[in-house]
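# Could you look at this predicted model? Sequence included:
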Number of protein chains: 2
Amino acid sequence: MVEWQIDNDRPVYTQLVEQMERAVASGVFGPGQRLPGVREMAAEAGVNPNTMQRALQALEQTGLVHAKRTSGRFVTEDRELILTLRKRQAESLTGRWVRDMRALGCDGEEIDRYYRQVREAEDGNDLKV
Amino acid sequence: MVEWQIDNDRPVYTQLVEQMERAVASGVFGPGQRLPGVREMAAEAGVNPNTMQRALQALEQTGLVHAKRTSGRFVTEDRELILTLRKRQAESLTGRWVRDMRALGCDGEEIDRYYRQVREAEDGNDLKV
DNA sequence: CAATCTGTACTATTTGCTTAATACAATAAT
DNA sequence: ATTATTGTATTAAGCAAATAGTACAGATTG
């Protein structure tokens, strides 16, 4: 089950793409698994079917999912591809975060501090560093 | 000098607000300092003056800058306010990053790994952890 | 005083996103 | 064979963002 979270600050279909990518990367939708229909997913996410379809079509261009014309849409069975995507996303997220912190004028020490602070404040805390 | 970076995936004026906040937080524009005129800043950022004005007006609602009707726009002299804003931004950025990493299915250890990896890959490396 | 620069206001137009409401073809299910 | 479900396509409408162009009032500058 995907916990759809849409805000109004960015195009909806973009957010759908991101959250689907994360759902696949994290295993909410496993390799080869069939996705719910466009209409159903749109209802769950609270968006128009057209918008959901646009997101899903965008997803197909990366090869992450593929549509079987009349029987549904399926996650790729290429586990390598999924792992690669997941890694790329993690690196991208982390890189952007550090860049943003630098833009705020944070030095390395300060970035460390915020990192620890937030990690220690997490609910299920498993910080060991 | 602000290095304006605008993409087409989000409203431009939102991005302008963010980057101005960071410019003030990081000291590119110091307390009490006069900002360039709307038209000039718009030209530097490569956007329409109306768009830049919209961003600047949004900034005033936070009290970060204020307009003197005919002599220009100035950064607040309230250093406390700036520090508070900077802290809020840093915590927000870090919190969102960790949340996104979790959504990717990363456990604490993995988040640590990516953190180190990216920090160590930085140009002016000052990682000591 | 005259010129210039400031923020501000206004109208008009274009573009992209989103929703809505249908419709269709192909396959699966009964 | 019939029915239902699938992805897909199309048209229309509404909305916000962005741009363009113009104008005005007040202060500063010369």
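Arrived safely.
# hey, let's count contacts and neighbours off CA atoms from now on
Will do.
# Contact residues of chain A facing DNA strand C?
Taking Cα under 7 Å from any atom of the strand, the part of chain A that reaches DNA strand C is made up of A:10-14, A:46-48, A:50-51, A:69-71.
# If we use 10 Å, what do you get?
Residues of chain A found near DNA strand C (Cα under 10 Å from any atom of the strand) are A:6-16, A:39, A:42-43, A:45-55, A:68-72.
# The residues you listed: which ones sit near DNA strand D?
With the criterion set as Cα under 10 Å from any atom of the strand, the members of those near DNA strand D are A:8-11, A:39, A:49-55, A:68-72.
# Show the buried residues in the residues you listed.
Neighbour counting with 16 or more other Cα atoms under 10 Å in any protein chain shown marks A:49, A:51-55 as buried within those.
# Let me see the domain layout of chain A.
For chain A, automatic domain parsing gives the domain ranges A:12-77, A:80-121.
# which ones among the residues of chain A next to DNA strand C are found in helices?
Assigned to helices by DSSP state H, the following of the residues of chain A next to DNA strand C qualify: A:12-16, A:39, A:42-43, A:45, A:49-55.
# Let me know the next secondary structure element after the longest helix along chain A.
Among the segments of chain A that qualify as a helix by DSSP H, the longest is helix A:79-103. Using DSSP states H and E, the helix or strand that follows helix A:79-103 towards the C-terminus is helix A:108-121.
# who touches the residue nearest the centre of chain A in this structure?
Centroid check for chain A by Cα atoms, centre = their mean gives A:Arg22 as the closest residue, at 2.6 Å. Each residue near A:Arg22 by Cα atoms under 8 Å, 6 or more residues apart in numbering or on different chains is listed here: A:86, B:103-104.
# List of residues touching stretch A:53-71?
Counting contacts by Cα under 8 Å, 6+ apart, the residues touching stretch A:53-71 from outside are A:13-14, A:16-17, A:21, A:38, A:73-76, A:81-82.
# ditto for stretch A:26-46
Judged by Cα under 8 Å, 6+ apart, the contacts made with stretch A:26-46 from elsewhere in the structure are A:1-2, A:4-5, A:23-24, A:48-49, A:51-53, A:72-79, A:86, B:103-106.
# Distance across that stretch, terminal residue to terminal residue?
22 Å (Cα to Cα, to the nearest Å).
# how about it: buried residues?
Applying a neighbour-count criterion of 16+ other Cα under 10 Å, the buried positions in stretch A:26-46 are A:26, A:28-31, A:34-35, A:38, A:41-42, A:45.
# got it, and stretch A:57-77?
Using 16+ other Cα under 10 Å, the residues of stretch A:57-77 that count as buried are A:58-60, A:64-66, A:73-76.
# so which of these would you say is closest to B:Arg113?
Of all these, B:Arg113 sits closest to A:Leu64, with 25.2 Å by Cα to Cα.
# Find me the pLDDT at that closest one, would you?
Among the per-residue scores, A:Leu64 shows a pLDDT of 95.
# How about the one 5 residues further on?
What the model reports for A:Arg69 is a pLDDT of 84.
# do A:Asp126 as well
A:Asp126 is assigned a predicted lDDT (pLDDT) of 53.
# A:Pro36 now?
95.
# on that earlier part again, what's the closest of the ones in helices among the residues of chain A next to DNA strand C to A:Ile111?
Here the nearest of these to A:Ile111, counting by Cα to Cα, is A:Gln15; it sits at 27.2 Å.
# Was I right to think that closest one contacts A:Ile6?
Yes: judged on Cα atoms under 8 Å, A:Gln15 makes contact with A:Ile6 at a distance of 6.7 Å.
# follow-up on the earlier one: mind listing what's buried in the helix or strand hosting the residue nearest to the centre of chain A?
Assessed by DSSP H and E, A:Arg22 sits inside helix A:12-25. Of the residues in helix A:12-25, those buried under the neighbour-count criterion (16+ other Cα under 10 Å) are A:12-17, A:19-25.
# do the same with stretch A:104-122
Taking 16+ other Cα under 10 Å as the neighbour-count basis, stretch A:104-122 is seen to contain the buried residues A:104-106, A:108, A:111-112, A:114-115, A:118-119.
# As a markdown table, these with pLDDT and distance to B:Ala90 would be great.
Written out in a markdown table, the entries for those read as follows (pLDDT from 0 to 100; distance: Cα to Cα, whole Å):
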| residue | pLDDT | distance to B:Ala90 |
| --- | --- | --- |
| A:Leu104 | 95 | 8 |
| A:Gly105 | 95 | 10 |
| A:Cys106 | 97 | 9 |
| A:Gly108 | 95 | 13 |
| A:Ile111 | 97 | 8 |
| A:Asp112 | 97 | 11 |
| A:Tyr114 | 98 | 7 |
| A:Tyr115 | 97 | 10 |
| A:Val118 | 95 | 10 |
| A:Arg119 | 94 | 13 |
